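Visitor: predicted model follows, preceded by the sequence.
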Amino acid sequence: MALLRKGVPGKQWIGKYRRFRPVTWQMKRNMVAQLEREAENEYWISRPYMTREQEFGHAAERRAQRWNTIRDNAFRRNFPEHKYITDHLGHLNTTKTWSS
C-alpha cells in the first residue's frame, strides 16, 4: 500500500520515508574540490617538516621566554605600587602658607 500511494507521507524532507534532494552538477563539483583538498592535506601531513632530532627540544627557548613573561607579569600584578614620602607626609602641609 505504501508503494502505491502518491507522494511522501508526513514531512517530505525529514524522516525515514523522506524525499531526497536531487544531486546537481554543482554538488558534484564541490564534492570533488573538497576531496582534492583533503588529498592535498593528507599529502602534506604525511611528510614531516623536521626530523625527529630537529624536533626534539626545538621550542624550549620560546617556551622558556613565554613562561618568564607570564611569571614576571604575575609578579608585577601582585607587587604594590610605589609610595613616596610626599604621599605619607602630605597631611602636614595643611597649615603651611606662602608667607611662612
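Guide: Received it, and whenever you're ready, just let me know what you need.

Visitor: how far away is residue 52 from residue 6?
Guide: 66 Å (C-beta to C-beta, to the nearest Å). Every residue, glycine included, has its C-beta placed from N, CA and C.

Visitor: so if I had to pick from those two, which one is more boxed in?
Guide: Taking neighbours as other C-beta atoms under 10 Å, residue 52 and residue 6 compare with residue 52 leading, 7 against 4.

Visitor: what sits against the more buried one?
Guide: Under the criterion of C-beta atoms under 8 Å, 6 or more residues apart in numbering, residue 52 has no neighbours.

Visitor: model confidence for it, exactly?
Guide: Listed pLDDT for residue 52 reads 83.

Visitor: same check on residue 1?
Guide: pLDDT at residue 1 comes out at 53.

Visitor: equivalent analysis for residue 39, please.
Guide: With respect to pLDDT, residue 39 scores 97.

Visitor: regarding it, what is its secondary structure?
Guide: Following DSSP: H, G, I helix; E, B strand; the rest coil, the label given to residue 39 is helix.
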